[in-house]
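**Q** just to be clear, the model below is a prediction. Sequence and coordinates:
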Amino acid sequence: MTRFVILLFLWVNGYAYAQTKVLDVVYPREGVLIGSNDSLFVFGCVKVAHQSLRINTMSTPTHEDGAFIQFLPITNVQKDSVFQMRFEIKTKDCTIVRYHRVRIPLLPRPLDSDSPQIDSLSLKPSRVHRLQTGDDIPIACRATPHASVEFIIIDSSGKIIDGPYPMAEYETDRMDDFPNAVYGEDRDTRSEPIPGMYSATYRLREGISYQRSRVAFRVEKKKKSITSVARGFIDLWPKHERLVAELNGPYHQPRTMPGQSFYYFLQGGLRVLIDGSIGSWRRLRFAENHSAWVSEDELTYAAPGTPVPASTIPVIRVRRDERTSVIKLTMSEKLPYRVEQISPVMFKLFVYGGKADTDWIRFETEDPDIAQIHWSQPERDVFCVTVSLHSPLSWGYEVRYENSNLVWRIYHKPKQTSLKGLRICIDPGHTKDPGSVGPRRTTEKQANVEIAQWLKKLLIADGAEVLMTHDDTTKGLTLYERVQFADANNCDLFVSIHHNALPDGVNPLRSNFGHSVIYYHPHSRLLGEKILESLVNKVKLPNYGVFQGNIAVVRNSRMPAVLVENAFIMLPDQEKKIRDPKFQQTCAEAIRDGLRQFMK
């Protein structure tokens with residue numbers, strides 16, 4: 001009878017736990033494909049009173065409210081790429097077991113080292129390349145290790161039109177460890193190379209008809225061979241074809257290569273020469289040695305025969321407008337441009353397609369901040385204006401076209417040394433999307449708004465005029481609308497409020513995760529440094545560092561602009577602080593103090 005009562009007690013309690021959500025795994029979600037194949041972090045909350053938590057045999061500390069985080073090695077991945085986590089929760093009465101499954105990115109399967117094989121999914125080019133003679137095309141494949149591999153170019157009928165050319169075998173890392181390079185340990189990932197990776201570079205040649213041509217591969221090992229053909233095509237873009245298009249829409253960020261870094265920041269309405277394509281990407285030919293890439297949907301093609309954009313620059317006019325130096329280039333056509341800050345006191349403006357006919361630089365008014373201005377023609381089709389300043393404290397710059405004339409405004413530091421009278425834009429990060437989420441399901445967007453509200457009160461008390469991009473968590477707002485809001489309201493400073501999280505594969509149990517700031521333009525770095533210094537001294541979380549990041553909200557060049565990561569919302573101890581109004585107020589005070597120091 002006693003044994004029956006005990007069993008009944010355990011069964012009743014087990015049934016009660018089964019009907020209650022005893023475990024809330026916030027990240028990673030059930031069934032999701034994660035971005036790492038050697039390790040992962042998992043966090044969430046145990047929802048019942050418990051004595052211990054183990055995840056895959058690893059003892060895992062929990063906070064008094066059950067919040068936890070753990071970093072697990074990925075082992076015993078199932079054939080369908082599923083990795084299973086076993087959660088063992090010991091309570092006073094029983095042990096509860098729960099399972100949570102995620103998908104792991106598959107590594108390429110090993111290829112037979114004795115007979116010739118080729119991975120058809122690895123063949124490159126995989127997209128249509130329509131380029132000019134002299135352009136290079138990367139060729140790549142994965143095949144049997146230590147084999148003889150070569151490629152040929154074939155026409156649409158399969159006839160060889162060029163080659164064969166040998167391919168070199170090289171070793172590559174199993175996974176790109178970009179997350180750790182940026183966010184975690186700068187660890188060496190070369191311990192497990194993938195064998196059998198082959199590459200070459202093919203240069204398009206004169207005298208060959210490339211219309212709908214393809215790349216074929218031949219792999220030979222032990223007197224046996226196989227062939228395979230890449231799915232991408234190669235077409236020739238005739239050099240005499242002068243296709244002109246206009247950048248539609250208000251703003252554009254042409255990239256260094258398809259899908260890679262933003263490098264140019266241009267307003268819409270500029271006409272550019274198109275001289276190549278890869279897939280849906282189009283190459284913009286700014287000048288003989290300068291090109292960039294945009295998606296085809298950013299372009300509106302001009303009528304056939306439209307001249308290639310170019311302009312002489314006969315006159316440069318310089319004037320002072322309050323705390324702004326205005327430099328105007330007289331031009332007949334809008335052309336692409338780029339500003340580079342060479343040193344704290346020197347800027348260069350490059351105009352692509354510009355030709356010097358510049359006999360005059362007219363200084364309409366005195367400008368106490370400009371030490372020198374001169375022009376040069378560093379390349380046949382690139383015009384350059386160099387501006388040297390007396391003071392290193394430039395406030396930002398802006399390039400706009402007024403009709404066809406390029407107007408470059410360089411903003412200088414306000415005279416005041418306090419926040420009084422400044423117009424400051426506060427941007428609580430995220431709106432409809434939650435941003436990062438903590439183990440207790442605290443959303444970043446809500447935490448951002450709460451600190452932003454504290455900061456607004458403090459800055460107003462200092463005499464600043466404060467504008468917020470939004471003051472709730474329901475308004476839909478794009479990244480560029482936030483920048484446009486600050487520009488349209490002529491703000492002096494821009495501060496975006498955020499809370500941090502890590503990408504897959506980075507160990508969150510290290511000790512230095514805390515405050516950080518992100519800036520893009522050199523004139524914003526000092527602001528970021530002052531805010532970070534103040535956060536570390538006042539809030540006293542670890543110093544996670546200053547980052548120069550190519551992200552939208554801090555690419556605004558008109559004013560010092562930074563993104564502040566107050567804490568790591570994914571870490572249980574920091575998430576607990578983030579939920580505390582006192583912590584929120586202290587973070588806001590530290591940001592205000594950093595702004596004060598910057599103005600001094």
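**A** That came through, no problem. Numbering: from 1, shown residues only.
**Q** quick one, phi psi at E575?
**A** Backbone geometry at E575, expressed as degrees, to the nearest 10, gives phi -60, psi -40.
**Q** ok, now which ones touch the nearest residue to it once chain neighbours are set aside?
**A** Using C-beta to C-beta, 6 or more residues apart in numbering and skipping residues adjacent in sequence, the residue nearest E575 is G438, 3.6 Å away. C-beta coordinates here come from the backbone N, C-alpha and C atoms, glycine included. Residues near G438 by C-beta atoms under 8 Å, 6 or more residues apart in numbering: V26, F43, A67, I569, M570, L571, P572, E575, I578.
**Q** which one of the residues you listed sits closest to L493?
**A** Nearest to L493 among the contacts of G438, counting by C-beta to C-beta, is I578 at 23.8 Å.
**Q** tell me, how many residues neighbour the closest residue to the closest one other than its chain neighbours?
**A** In space, and not counting its chain neighbours, I578 is closest to A447: 5.0 Å by C-beta to C-beta, 6+ apart. Residues lying near A447 (other C-beta atoms under 10 Å) number 28.
**Q** quick revisit: if I look at the residue nearest to E575, how far off is A567?
**A** Noted for G438: a distance of 10 Å to A567, by C-beta to C-beta, to the nearest Å.
**Q** sorry, back to before: got a winner among the contacts of G438 for most neighbours?
**A** Going by other C-beta under 10 Å, I569 tops the contacts of G438 with 27 neighbours.
**Q** helix/strand/coil for the residue nearest to I578?
**A** helix (DSSP: H, G, I helix; E, B strand; the rest coil).
**Q** show me the contacts for it.
**A** H499, N566, I569, I578, R579, Q584.
**Q** a markdown table for these, including distance to E171, secondary structure and pLDDT?
**A** A markdown table is the format used below for the contacts of A447 (distance: C-beta to C-beta, whole Å; DSSP: H, G, I helix; E, B strand; the rest coil; pLDDT from 0 to 100):
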| residue | distance to E171 | secondary structure | pLDDT |
| --- | --- | --- | --- |
| H499 | 39 | strand | 98 |
| N566 | 42 | strand | 98 |
| I569 | 38 | coil | 98 |
| I578 | 43 | helix | 98 |
| R579 | 47 | coil | 98 |
| Q584 | 49 | helix | 98 |
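**Q** got JSON lines for those residues, with distance to W293 too?
**A** Formatted as JSON lines, the contacts of A447 follow (distance: C-beta to C-beta, whole Å):
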{"residue": "H499", "distance to W293": "33"}
{"residue": "N566", "distance to W293": "36"}
{"residue": "I569", "distance to W293": "35"}
{"residue": "I578", "distance to W293": "40"}
{"residue": "R579", "distance to W293": "44"}
{"residue": "Q584", "distance to W293": "42"}
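**Q** looking at those residues, which is nearest L526?
**A** Among the contacts of A447, and counting by C-beta to C-beta, the member closest to L526 is N566, at 19.5 Å.
**Q** for T442, see how far away the closest one is.
**A** Going from N566 to T442 by C-beta to C-beta gives 13 Å.
**Q** shared neighbours of these two, which are they?
**A** Common contact partners of N566 and T442 (C-beta under 8 Å, 6+ apart): I578.
**Q** of the two, who's got more company?
**A** Set side by side, N566 and T442 show more neighbours around N566, with 30 against 20, by other C-beta under 10 Å.
**Q** OK, contacts around the more buried one?
**A** A447, I451, I497, H498, H499, N500, H515, L535, V539, I578, C587.
**Q** next step: those restricted to strands.
**A** When these are checked against strands (DSSP state E), the matches are I497, H498, H499, N500, H515.
**Q** for the stretch 51-200 of the chain, what spans make up the helices?
**A** Here the stretch 51-200 of the chain has its helices, by DSSP state H, counting those that start in this stretch, at 178-183.
**Q** wait, the stretch 301-450 of the chain
**A** Under DSSP H, counting those that start in this stretch, the stretch 301-450 of the chain gives helices at 444-461.
**Q** what ranges does it have for its strands?
**A** 311-321, 324-329, 337-343, 346-352, 354-363, 370-379, 382-389, 394-402, 405-412, 423-428 (DSSP state E, counting those that start in this stretch).
**Q** okay, now the unreliable bits of the stretch 101-250 of the chain?
**A** 172-177, 186-193 (pLDDT under 70).
**Q** for it, just list every one of the strands.
**A** Using DSSP E, counting those that start in this stretch, strands in the stretch 101-250 of the chain cover 118-124, 129-131, 136-143, 148-154, 160-166, 168-172, 194-203, 214-221, 224-229, 234-236, 243-247.
**Q** now do the stretch 451-600 of the chain
**A** Using DSSP E, counting those that start in this stretch, strands in the stretch 451-600 of the chain cover 465-468, 493-500, 515-519, 543-548, 561-568.
**Q** would you list those strands in CSV and tack on distance to P309?
**A** Putting the strands of the stretch 451-600 of the chain into CSV (distance: least, C-beta to C-beta, whole Å) gives the following:
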stretch, distance to P309
strand 465-468, 37
strand 493-500, 32
strand 515-519, 33
strand 543-548, 32
strand 561-568, 30
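**Q** tell me which of the ones you listed lies nearest to Y202.
**A** strand 543-548 (35.2 Å).
**Q** relative to strand 561-568, how tilted is the closest one?
**A** Interaxial angle of strand 543-548 relative to strand 561-568 (axes from the mean of the first three to the mean of the last three C-alpha atoms, to 10 degrees): 150 degrees.
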